[in-house]
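J.: Fold the stuff below for me.
(2 chains)
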2 protein chains.
Amino acid sequence: MPRLVMKFGGTSVADLERIKNAAQKVKQEVENGFEVIVIVSAMSGKTNEMVGWVQETSPLYDAREYDAIVSSGENVTAGLMALTLQEMDIPARSWQGWQVPLKTTSAHGAARIEEIPTDNLDAKFGEGMKVAVVAGFQGIAVDGRITTLGRGGSDTTAVAFAAAFSAARCDIYTDVDGIYTTDPRVVPNAAKLKKISYEEMLELASLGAKVLQTRSVELAMRFKVPLRVLSSFEADISTNAGTLVCDEEEIMENNVVNGVAFVRDEAKMTLVSVADRPGIAAAIFGPLADAGINVDMIVQNISEEGRTDMTFSCPVDQVLRAEKALNGAKESGEINYHGLVSDKDVAKVSVVGIGMRSHVGVAKQMFDVLAREGVNIKVITTSEIKISVLVDRKYMELAVRALYDEFELEHAT
Amino acid sequence: MPRLVMKFGGTSVADLERIKNAAQKVKQEVENGFEVIVIVSAMSGKTNEMVGWVQETSPLYDAREYDAIVSSGENVTAGLMALTLQEMDIPARSWQGWQVPLKTTSAHGAARIEEIPTDNLDAKFGEGMKVAVVAGFQGIAVDGRITTLGRGGSDTTAVAFAAAFSAARCDIYTDVDGIYTTDPRVVPNAAKLKKISYEEMLELASLGAKVLQTRSVELAMRFKVPLRVLSSFEADISTNAGTLVCDEEEIMENNVVNGVAFVRDEAKMTLVSVADRPGIAAAIFGPLADAGINVDMIVQNISEEGRTDMTFSCPVDQVLRAEKALNGAKESGEINYHGLVSDKDVAKVSVVGIGMRSHVGVAKQMFDVLAREGVNIKVITTSEIKISVLVDRKYMELAVRALYDEFELEHAT
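T.: Numbering: from 1, shown residues only, chains lettered A, B, ... in the order given. Have a look, this model is predicted:
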């Protein structure tokens, strides 16, 4: 019998009514002939409540106890979902991470999945169970203690189950109805994509389209798991609904640009006149990594007379920490620079598309549009399928809308 | 190193402040030289919240899912208690039932403890752990699913751990500071007992002194575990505090009567003129048991001309169901009686004391007191260490106070 994985996030199981609504969708898929593995998050708010207790009790908490505590939220939802399905006459039971067992590393709070043996669930499917409801976000380490997978862990759990059980698809139910070509709050007529490649999704996710966690998309790409994002609040769950994230070969005709993404609160920092020598990048970005700075774009200008300028971007609220780390490194003699310039009023705008690979001139087209609108470009970085620029924050919406029109994204599907 | 079990109920761990307060007491015992096993309940209110969700989701719920859900409350407290102790520099870790593992029968929702292997905890104590915080009320069945022990399960867990680990004592921390000779709300100067025998405690517990669950006292008696009841809200936890429930041989001089107990909302039901034949009691009380009636006292009067009267007591709110069950049994021909008389305005008053065994005349003394006060006795039952009577409810307080004075219970200790 074909298998399907369905994952419901916290807002989709926020109360008994919503759990029932989610269970209706599971029922439909059972009636469609699937054996279903349902992955659930904690009811929204519950995890935060428990994290609050942990932090208040012990600011530098033992991560093993943290995991033992917060994993209980998913256990509650799993049990309630199983009961709800049973009330609908569907043979279902709940599984906690250690019961599957979902084996992970011992990195408590940010464990990685090592193995999902299929025999326990397979045996129950063989006995007539139609739905296994699995508590997401959690597993068990080799010493028998509970682990959690960290942020986005439930999406990752879902994809890992889909891979282990060779599921036909992994459906991620959430509070949006798919992946859009840009943020509908900025461009009201933003179009929903029917399909998008894993690679594009990765670029969009890491650029701020927060629908799917990067880790889960990476995993889906590695194991070629078709991953669908759809809304748990809409009735249609047919294959027409939502957005399918899949291999690019399954997408007939790629748009040149499939999305415009942005990050509003960026800062640009420039180290002026750095001694240009082998190892200088490591000497600069080592202290920043140690200080927990999320460095995003990095640009190194042409070297003149043995000195160069090094520019990078990071979230605005990390600028002070970054300055402290760099000044410290300067004082200790690890690095040498003449000046440190911080610009806290920038935003990042990116266009993403697999089609760029075979279409020249996308960058030129992008720069032309921005010039026409009078938007000054401060930094440029590019990858194979993405072009990102830093612009003054006040021009961000203007830039996004102009690019959206230029690349005809309202027609993208 | 000597071992101690300390159990904290829901009100004693209701919030982070109270968990800290409880942890202070654990710390004191560690400093007294004990290795401690702490058994915790869920934070008060949490279990009820989850039970509410289960019942709303599925009125005839699958008890296996119920157990998986509600056991999470104790897991949260166990983790928070371990973190709190760690903050006090005490090596502590949490254990969920399945991690110990506490092995139980598969009677979900009312499982019985079968075995507590000591090797896992012993190994950690050997490595320097000073406190094992165990989630109470839960275990694991042979098929790997989570079980709960049912009402009073946390007390029972505590006593079972004390037995398995040969603890010097099992301390039950609760919101009262010990066992009283009667309810202080009825007799304001009711005295607190320093010691009481297991047998007396069993009679008092089942008679409505709700401090300790009957099951845990039975278990303590079987394994000779000294069981102490004391308040988590008072500073003194020395051996002077609370009430010790122990073997009667450890109590130097027994009082004749050690307590006056009462149950306010009783009903008396009498089947008038029942055919007196072998098996008649089973024929009457079978249907009542099937209907879930908690029959308490049973009195059968002398038989005359092959017919007898059968009287029993039960909670007032079960009278209608009892009448229905008995009428049904009459209609189907299982039993035969002339009339069914229900009196919903009675209360039960009992005196309890190990000393009764060696002192004659306690019953006469009790009846004299009640006669002197003008309290009519409607039903009498006796056991070796207890005498119970049903009286009109309006005389209950009067009877309790008169008996309290008569047996000089304000001097009992």
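J.: residues contacting A:Asp290?
T.: Contact partners of A:Asp290, counting by CB atoms under 8 Å, 6 or more residues apart in numbering or on different chains, are A:Ala325. Placement of C-beta: from N, CA and C, glycine included.
J.: Contact residues of chain A facing chain B?
T.: Residues of chain A that fall close to chain B, judged by CB under 8 Å from any CB of the partner chain: A:16, A:19, A:50, A:53-54, A:56-58, A:61-62, A:64-66, A:68-69, A:72-73, A:75-76, A:78-80, A:82-84, A:86-87, A:93-94, A:96, A:98-99, A:144-146.
J.: Write the ChimeraX selection for whichever of these are buried.
T.: Those of those that count as buried under 16 or more other CB atoms under 10 Å in any protein chain shown are selected in ChimeraX with:
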select /A:16,19,50,53,54,57,58,61,62,64,65,66,68,69,72,73,75,76,78,79,80,82,83,84,86,87,93,94,96,98,99,145,146
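J.: Just the ones in helices from the residues of chain A next to chain B, please.
T.: Counting by DSSP state H, these place A:16, A:19, A:50, A:53-54, A:56-57, A:64-66, A:68-69, A:72-73, A:75-76, A:78-80, A:82-84, A:86-87 in helices.
J.: The residue of the stretch 301-413 of chain A found nearest chain B - nearest residue in space that isn't next to it in sequence?
T.: Ranking the residues of the stretch 301-413 of chain A by distance to chain B (CB to the nearest CB) places A:Arg321 first, at 26.8 Å. Leaving aside its chain neighbours, A:Arg321 sits nearest to A:Ala291 (5.3 Å; criterion: CB to CB, 6 or more residues apart in numbering or on different chains).
J.: Next one: the one you found from chain B, what distance?
T.: 27 Å (CB to the nearest CB, to the nearest Å).
J.: Neighbours of that residue, how many?
T.: Neighbourhood size, A:Ala291 [other CB atoms under 10 Å in any protein chain shown]: 16.
J.: repeat for the one 4 residues further on
T.: When counting by other CB under 10 Å, one arrives at 16 neighbours for A:Val295.
J.: what about it, which SS state?
T.: Assigned with DSSP: H, G, I helix; E, B strand; the rest coil, A:Val295 falls in the coil class.
J.: ok, now which ones touch it?
T.: For A:Val295, the contact set (CB under 8 Å, 6+ apart) comprises A:Phe285, A:Leu288, A:Ala289, A:Phe312, A:Ser313, A:Cys314.
J.: Verify the contact between A:Thr214 and A:Ala205 for me.
T.: Yes: counting by CB atoms under 8 Å, A:Thr214 does reach A:Ala205; the two are 4.8 Å apart.
J.: out of the two, which sits in the more crowded spot?
T.: Taking other CB under 10 Å, A:Thr214 and A:Ala205 do not tie; A:Ala205 has more neighbours (22 against 17).
J.: buried residues in the helix or strand harbouring the residue of the stretch 301-413 of chain A closest to chain B?
T.: Under the criterion of DSSP states H and E, A:Arg321 resides in helix A:319-331. Buried positions in helix A:319-331, judged by neighbour count with 16+ other CB under 10 Å: A:Val319, A:Ala322, A:Ala325, A:Leu326, A:Ala329.
J.: Same question for stretch A:402-413.
T.: Within stretch A:402-413, the residues scored as buried using 16+ other CB under 10 Å are A:Ala402, A:Leu403, A:Tyr404, A:Glu406, A:Phe407, A:Leu409, A:Ala412.
J.: quick one: low-confidence parts of chain A?
T.: A:206-210, A:252-254, A:412-413 (pLDDT under 70).
J.: relative to its centroid, which residue of it is most remote?
T.: Using CA atoms, centre = their mean, the residue of chain A lying farthest from its centre is A:Glu305. It sits 42.3 Å away.
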